[in-house]
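Visitor: Provided below are the primary sequence and the corresponding predicted coordinates.
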Amino acid sequence: MRLLPQLGIVALLAALAVGGWLWAAGGERGGDGAQQPRQQSGPVAVETAVARLGAVTETVTAVGATRAASSVRIVPSTSGLVTRIAFAAGQRVQAGALLVELDSASERAAVREAESELANLRAQMARAESLRARKLLSAADLDELRAKLGMAEARLEAARGQLQKRSVRAPFGGVVGLRNVDLGGYVDSSTVLTTLDDLETVELEFRIPERYFSAVKTGQPVAATSVAFPGRTFAGAVREVDTRIDPATRAFRVRAELPNPDAALPDGLFMAVGLVIAERDNAILVPEEAIIREGGQSYVYVVGEGIAAKTAITTGQRRDAAVEVLAGLAPGSEVVTKGHQSLRDRSPVRAVETRAADPERGDRARQPS
C-alpha cells in the first residue's frame, strides 16, 4: 500500500511542472490568451539623393578606319630614267606641283623641231597671203599652205604633250607619302613613285547595328579618338548613310567626315567613334548606386514621409555618376542611395544625409545595354 503515496508525490511534481510552464508562457500572452505583438525596431538609417533634371546625350559606339578625301598612287604615264625628285616624304604640295622628272632630251628636241617647222610655215603663210592679195597666188595654193600650217601646229602640240609626260605632277593638293624610286632609276607605267592624300578632311567609315537605322541621319555629330593621339578628340559629322543592311552582320555602314586641317590623321588610322543619335535636355537623373536590379527589372526606394517605397522604374542612358530614368520616377523625388540591404517595401527610414544627383558629372553617355 506504500505505492499509493509515491504515485501521489509524482503526480504533484508533474502538476507543479505544468503550472510553471504555463506561468512562463503567460508572460508572452495577454489575459485573454492572445499573442502580444513584437516590439518594432526604430527607423533604418539611410543616405538619400534627390532626382534632378539634366542633359543626356545618347551615343552609339563603333570602330572604323580613316580614309583620305582623295587618295591616289602616283605613277608615270610613260617610261624612262628618273632625273629629278622634287618632293620629300610627308610634304604638303599644291595641285600641279612637280614631283618627279624623267629624262626628256629627245622630247625637248622634238618640241624645238616642231616649233621651227611651225615658224617657217607661218612665214610662208604671211608671204602667200601677200601674193594672194596681189593675185599672184592661186586660192588652191593658199589653202594647201593653210592645211600644212594646221598640221604643224598639231605636231607641236603633240610634241609638247610628250614633253609634259616626262614631268610627273600632283593632280590635286595634298600630302605625299614615301618615295619609292631613286635618281637614275628606270620606271614605267606600273611603277608607283609615291602616294598622294588629300587630308584636309578625312572620311571615317564604321558599322552600327540595324536597330539604330531609323535614328541615324546625315549631319549628326560624331566624336572619334585613337590610341595614336591620347587625350585628343576629333569632332565631325555624318556625311552618308548606307541604304542597305548587311544580312550577315545585321549592321549598316555610316560614313562621317572629320576636319583635319593640320593633317594629323593619316589614311587608314583605326579609330573609336561615338555617334550622337539623340540629346535630351530634361532627363531625370539619379545616382547609379540608387538603382537595384532584380530579375531583369530595375527599382529604387522612394522616400516619402519617413517611409521607403520600393518603386519599379525604366532606365535609359548611363553616365559616369548617374542613370537616366525614363519612367516610374518624378523629378525631385528622394531616393535611397545607401542602406538598401536593410530595407523592405514600406520600411520606416531616417535620412542621415541627403544630396542632389549631379547631372553634370561625366559628359558622355555609354552605349545602351
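Guide: Cool, got the structure. Residues are numbered from 1 along each chain as shown.

Visitor: And the next helix or strand past the longest strand seen in the chain?
Guide: Counting residues, the longest strand found in the chain (DSSP state E) is strand 52-74. Beyond strand 52-74 in the direction of the C-terminus, DSSP states H and E gives the next helix or strand as strand 80-85.

Visitor: Remind me what that following strand packs against, helices and strands.
Guide: When contacts are defined as 3 or more C-beta pairs under 8 Å, 6 or more residues apart in numbering; DSSP states H and E, strand 80-85 packs onto strand 98-102, strand 186-187. Glycine gets a C-beta too; all of them are placed from N, C-alpha and C.

Visitor: pull the CA atoms of that strand into PDB?
Guide: Only the C-alpha atoms of strand 80-85 are listed here, as PDB (Å, rounded to 0.1, in the frame of the first residue of the first chain):
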ATOM      1  CA  GLY A  80      62.300  56.500-118.600                       C
ATOM      2  CA  LEU A  81      65.100  57.300-116.200                       C
ATOM      3  CA  VAL A  82      64.500  59.500-113.100                       C
ATOM      4  CA  THR A  83      66.500  62.700-113.400                       C
ATOM      5  CA  ARG A  84      64.900  64.700-110.600                       C
ATOM      6  CA  ILE A  85      62.900  64.000-107.400                       C
END
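
Visitor: got a list of what Thr337 touches?
Guide: Applying C-beta atoms under 8 Å, 6 or more residues apart in numbering to Thr337 gives the contacts 46-49, 287, 289-290, 355.

Visitor: Let me have those in TSV, extended by secondary structure and neighbour count.
Guide: Below are the contacts of Thr337 laid out as TSV (DSSP: H, G, I helix; E, B strand; the rest coil; neighbours: other C-beta atoms under 10 Å):
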residue	secondary structure	neighbour count
Val46	strand	23
Glu47	strand	16
Thr48	strand	23
Ala49	strand	26
Pro287	strand	23
Glu289	helix	16
Ala290	helix	26
Arg355	strand	11
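
Visitor: So for these, which is the shakiest by pLDDT?
Guide: The pLDDT minimum for the contacts of Thr337 sits at Arg355, where the score is 69.

Visitor: ok, the contacts of Thr337 vs Ala55, which is closest?
Guide: Taking C-beta to C-beta as the measure, Ala55 sits nearest to Pro287 out of these, at 16.5 Å.

Visitor: Specify the beta-bridge partners of the closest one.
Guide: According to DSSP bridges, the residues that bridge with Pro287 are Ala322.

Visitor: From Thr48, how far out is it?
Guide: Using C-beta to C-beta, to the nearest Å, Pro287 is found at 10 Å from Thr48.

Visitor: and if you look at Ala264?
Guide: Taken as C-beta to C-beta, the span from Ala264 to Thr48 is 47 Å.

Visitor: cool, and Thr78?
Guide: Taking C-beta to C-beta, one finds Thr78 at 81 Å from Thr48.

Visitor: before we move on, what about Val323?
Guide: For Val323, the distance to Thr48 - C-beta to C-beta - is 16 Å.

Visitor: And for Ser70?
Guide: Here Ser70 is placed at a distance of 59 Å from Thr48 (C-beta to C-beta).

Visitor: how about Val254, phi and psi?
Guide: phi -130, psi 140 (degrees, to the nearest 10).

Visitor: wait, doesn't it sit right on Val238?
Guide: Yes. Assessed by C-beta atoms under 8 Å, Val254 is found in contact with Val238 at 6.0 Å.

Visitor: Who has more neighbours out of these two?
Guide: Ranked by neighbour count (other C-beta atoms under 10 Å), Val254 and Val238 place Val254 first, with 26 against 20.

Visitor: give me the beta-bridge partners of the more buried one?
Guide: Beta bridges link Val254 to Phe206, Val241, judged by DSSP bridges.

Visitor: What segments of the chain are helices?
Guide: Using DSSP state H, the helices found in the chain span residues 3-26, 105-133, 139-164.

Visitor: rank those by mean pLDDT and give me the bottom one.
Guide: helix 3-26 has the lowest average pLDDT among the helices of the chain, namely a mean of 56.
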